[in-house]
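Enquirer: Predicted coordinates and the sequence they were generated for:
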Amino acid sequence: MPKNALYAQSGGVTPVINASAFGVISAARRHRDQIGTVFAARNGILGALDEVLIDTAQLTDEMMAQLKYTPGGAFGSCRHKLRHGAELKRLFEVFETYDIGYFFYNGGGDSADTCLKVAEFAQYHGIDLTAVHVPKTIDNDLPLTDCSPGFGSVAKYVATSAREAGLDTASMAASSTRVFILEVMGRHAGWIAASAGLASTDAYSAPHLLLTPEVPFEAGRFLRAVDETIARAGYCVVVAAEGIRDTHGVYLAESGVVDAFGHAQLGGVAPILAGLVKQHLNQKCHWAVADYLQRSARHLASATDLAHAVAVGETAVAYALAGIRSVMPAIVREDNEPYRWRIEPVPLADVANHEKPLPLDFLTSDGFHLSPRGREYFAPLIQGEAPPPFRDGMPDYPQWQFVVNDRKLPSFDPTRG
């Protein structure tokens, strides 16, 4: 009898994470002689621990098509650092009960760490389990891959938003708002903020200034740049990563709170920047925080990104069936024009707990603008449109309601040794 598989989503979702689920499930269905039932855990690794499992056989062909075009995490996600001891033991009790031989964990860097822990536990205890990490993160900071599924769509959304907000600001600048600041995600890396530079076509068009964590923030230099931009273009649009830091490495928006993985929770850098502009330049300034909007904007997804997301899901299954364990399918760029790419496996141990910063040469020497090399990198990732179906003028997204399997094990007690 073929072994069963478990798929789960983890971390912050993306516009195309469900496309990777589609890739995993559809590929497994094409190999029913090698993979039996594909279970999906509700809310990531927490659902696996709590034995809240969904038999994906209930997904009809129509539902599978909807899965490919729906934002958010259809099966639910989580932020949870899997702990050695009771949690890992419980997880493998669930695996044994459901005859799980394949584990596909769809997430970013912290999820790669979870997948690696599972793979190492299985290897140490001689358990026949193949664990493969399915990459995704809007932050684009996974190492050893040219880009991360989810990023291209967010880059497209942020660059579009910067261009559209720029036209709005320009139309009002003569008598009202002259500065607009858009805060985007990016705690440690400035990939998203930098990608917004694709919207700028010359020295006069928005965005005019890009602020990334890789370039230390200096208030005086920033204010001079804003003032000079207003003098030249009549207005100024700024795109700032949430994780910009001063010359001492301190976050401008440090809130003092940390998440489950120990990462600092940031409190909003846009209003801080707006306060500086108002106080020192006496300019009216509006600001916005893209937040969940950028990572859920499936209506503006990149067709290239969608193709990446499906491909890494399908390839993860191919690797598992070939006996290639403890890896992540990585995207390798072959050429820019026309854009060509392939997928290769990279060791999970080289991905987990590592981050890829934005290269400084993707920015101009002043750190405020996208360089030609940066534009060359980002441009292919936002190409193509893949809109969802619309009904009555709105995206036709389903509200997922899955039947959960009856539990076979006692409820999980994390205090049990």
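Expert: Sure, I can see it. The model shown is predicted, which means the values in this text are computed figures rather than measured ones. Residues are numbered from 1 along each chain as shown.

Enquirer: how many other residues sit next to the spatially closest residue to Phe390 that is not a sequence neighbour?
Expert: What sits nearest to Phe390 in space, not counting adjacent residues and going by Cβ to Cβ, 6 or more residues apart in numbering, is Asp396, at 6.0 Å. (Each C-beta comes from the backbone N, C-alpha and C, glycine too.) One way to gauge burial is a neighbour count; for Asp396, by other Cβ atoms under 10 Å, it gives 12.

Enquirer: For Asp396, which residues are in contact?
Expert: Contact partners of Asp396, counting by Cβ atoms under 8 Å, 6 or more residues apart in numbering, are Pro388, Pro389, Phe390.

Enquirer: Only the buried subset of these, as a ChimeraX command please.
Expert: Buried subset of the contacts of Asp396, written as a ChimeraX selection, criterion 16 or more other Cβ atoms under 10 Å:
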select :388
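
Enquirer: could I get the contacts of Asp396 as TSV with distance to Val184?
Expert: Supplementary listing: the contacts of Asp396 in TSV, determined by distance: Cβ to Cβ, whole Å:
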residue	distance to Val184
Pro388	23
Pro389	28
Phe390	26
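
Enquirer: would you turn the contacts of Asp396 into a markdown table with pLDDT, distance to Cys115 and secondary structure?
Expert: Rendered in a markdown table, the data for these read as follows (pLDDT from 0 to 100; distance: Cβ to Cβ, whole Å; DSSP: H, G, I helix; E, B strand; the rest coil):
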| residue | pLDDT | distance to Cys115 | secondary structure |
| --- | --- | --- | --- |
| Pro388 | 97 | 29 | coil |
| Pro389 | 97 | 33 | coil |
| Phe390 | 97 | 36 | strand |
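
Enquirer: quick one: the helices in the stretch 1-150 of the chain?
Expert: 17-29, 44-49, 61-68, 86-97, 109-124 (DSSP state H, counting those that start in this stretch).

Enquirer: Using JSON lines, lay out the ones you listed together with mean neighbour count.
Expert: Compiled in JSON lines, the helices of the stretch 1-150 of the chain are given as follows (neighbours: other Cβ atoms under 10 Å):
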{"stretch": "helix 17-29", "mean neighbour count": "26"}
{"stretch": "helix 44-49", "mean neighbour count": "24"}
{"stretch": "helix 61-68", "mean neighbour count": "15"}
{"stretch": "helix 86-97", "mean neighbour count": "17"}
{"stretch": "helix 109-124", "mean neighbour count": "22"}
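
Enquirer: can you put those in a markdown table and add mean pLDDT and distance to Ala303?
Expert: Putting the helices of the stretch 1-150 of the chain into a markdown table (pLDDT from 0 to 100; distance: least, Cβ to Cβ, whole Å) gives the following:
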| stretch | mean pLDDT | distance to Ala303 |
| --- | --- | --- |
| helix 17-29 | 98 | 11 |
| helix 44-49 | 96 | 27 |
| helix 61-68 | 96 | 12 |
| helix 86-97 | 96 | 36 |
| helix 109-124 | 95 | 25 |
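
Enquirer: Tell me which of those lies nearest to Pro410.
Expert: Pro410 lies closest to helix 86-97 among these, at 9.6 Å (Cβ to Cβ).

Enquirer: From the chain's centroid, how far away is the longest helix belonging to the chain?
Expert: With secondary structure taken from DSSP state H, the chain has its longest helix at helix 151-172. The chain centre lies 19 Å from the centre of helix 151-172; the measure is Cα atoms, centre = their mean, to the nearest Å.

Enquirer: repeat for stretch 41-49
Expert: 19 Å.

Enquirer: Can I get that stretch in PDB, CA atoms only?
Expert: Extracted as PDB, the C-alpha positions of stretch 41-49 are listed here (Å, rounded to 0.1, in the frame of the first residue of the first chain):
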ATOM      1  CA  ALA A  41      -3.400  20.000   8.400                       C
ATOM      2  CA  ARG A  42      -5.700  22.800   9.600                       C
ATOM      3  CA  ASN A  43      -3.600  25.800  10.700                       C
ATOM      4  CA  GLY A  44      -0.200  24.400   9.900                       C
ATOM      5  CA  ILE A  45       1.900  22.400  12.300                       C
ATOM      6  CA  LEU A  46      -0.600  23.200  15.100                       C
ATOM      7  CA  GLY A  47      -3.300  21.200  13.200                       C
ATOM      8  CA  ALA A  48      -0.900  18.300  12.800                       C
ATOM      9  CA  LEU A  49      -0.200  18.300  16.500                       C
END
